[in-house]
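Asker: My questions are about this predicted structure, shown below with the sequence.
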Amino acid sequence: MSKMSKVRNSMRVSGSTLIISSLLVSSAFLRFGTDTGAAIAQTTMSVMETDVVSTENDTSKQADASSGSAQLLEALLKREAEVERQEAALAQRENNLKATKAEVERRIGVLEASEARLRQMITQAEATAEDDVLRLTTVYENMKPKDAAALFETMEPEFAAGFLARMQPEAAAKLLAGLNPETAYSISAIVAGRNARASNL
């Protein structure tokens with residue numbers, strides 16, 4: 001074979017090899033480019049979906065937070081209204097207690113005034129009664145012993161003892177001498193018993 005033929009054959013082999021290699025490289029680029037594009041598109045879609053989900057989550061969280069704040073505010077307002085109602089009830093109760101206390105104090109004042117008047121009346125009555133008893137005692141002392149004795153015989157022993165205890169000793173002795181011995185003893189025992197109790201006080 002001539003040298004020229006060898007060169008031609010070598011060029012044909014090299015050209016064929018170059019064409020095949022170019023096709024393989026082009027195919028690889030096409031496959032690589034297609035897969036890469038798909039991968040990039042898929043990644044982009046995934047990122048976009050993630051952003052959408054994140055945005056939805058943020059919006060949901062904001063809505064939940066807003067709803068929670070509204071519920072908290074409503075609860076606080078209800079609590080404040082309840083506290084105000086209780087304060088008003090306590091204030092009304094305090095006013096009622098003050099009014100009741102004032103009424104009780106007024107009635108106590110009326111009772112104390114009535115009690116003071118009653119004590120004064122009792123004192124006056126006792127003084128009047130004592131004056132009456134003393135006047136009667138003086139009358140009995142000035143009566144004749146026989147007449148006074150006859151009168152004392154008709155009295156209850158305790159009643160007669162009250163007058164006898166107030167009489168002067170001499171007049172009382174003359175009166176007792178004119179009484180029935182049993183009556184004189186009863187009246188004397190009552191007077192002695194009163195004096196004994198008074199001395200023990």
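Answerer: Received the coordinates, thanks. Numbers count the residues shown, from 1 in each chain.

Asker: Next one: Thr123 from Ala113, what distance?
Answerer: With distances taken as C-beta to C-beta, to the nearest Å, Thr123 is found 16 Å from Ala113. Placement of C-beta: from N, CA and C, glycine included.

Asker: What of Gln86?
Answerer: 40 Å.

Asker: so Tyr140 is in which element?
Answerer: In this assignment (DSSP states H and E), Tyr140 forms part of helix 3-142.

Asker: Next SSE downstream of that helix?
Answerer: Downstream of helix 3-142, the next assigned helix or strand under DSSP H and E is helix 145-154.

Asker: Look at the residue nearest to Leu176 when sequence neighbours are not counted and say how many residues are nearby.
Answerer: Spatial nearest neighbour of Leu176, chain neighbours left out: Ala184 (4.8 Å); criterion: C-beta to C-beta, 6 or more residues apart in numbering. By the measure other C-beta atoms under 10 Å, the count of residues near Ala184 is 20.

Asker: I am assuming Ala184 contacts Ala172, so please confirm or correct that.
Answerer: No - with contact defined as C-beta atoms under 8 Å, Ala184 does not reach Ala172; the gap is 10.5 Å.

Asker: Could you list the low-pLDDT ranges of this structure?
Answerer: Counting by pLDDT under 70, the chain shows low-confidence ranges at 1-65, 198-201.

Asker: wait, what's in contact with Ala177?
Answerer: With contacts defined as C-beta atoms under 8 Å, 6 or more residues apart in numbering, the neighbours of Ala177 are Pro145, Ala149, Ala184.

Asker: would you turn those residues into CSV with distance to Met155?
Answerer: CSV is the format used below for these (distance: C-beta to C-beta, whole Å):
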residue, distance to Met155
Pro145, 15
Ala149, 11
Ala184, 12
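
Asker: Closest one of the residues you listed to Leu72?
Answerer: Of all these, Leu72 sits closest to Ala184, with 102.0 Å by C-beta to C-beta.

Asker: To what extent is Glu141 buried, counted in neighbours?
Answerer: Using other C-beta under 10 Å, Glu141 has 18 other residues around it.

Asker: Can you name the residues that contact it?
Answerer: Counting by C-beta under 8 Å, 6+ apart, Glu141 touches Met167, Gln168, Ala171.

Asker: What strand or helix carries the nearest residue to it once chain neighbours are set aside?
Answerer: Distances taken as C-beta to C-beta, 6+ apart place Ala171 nearest to Glu141, at 4.1 Å, with adjacent residues excluded. Taking DSSP H and E as the definition, one finds Ala171 inside helix 169-178.
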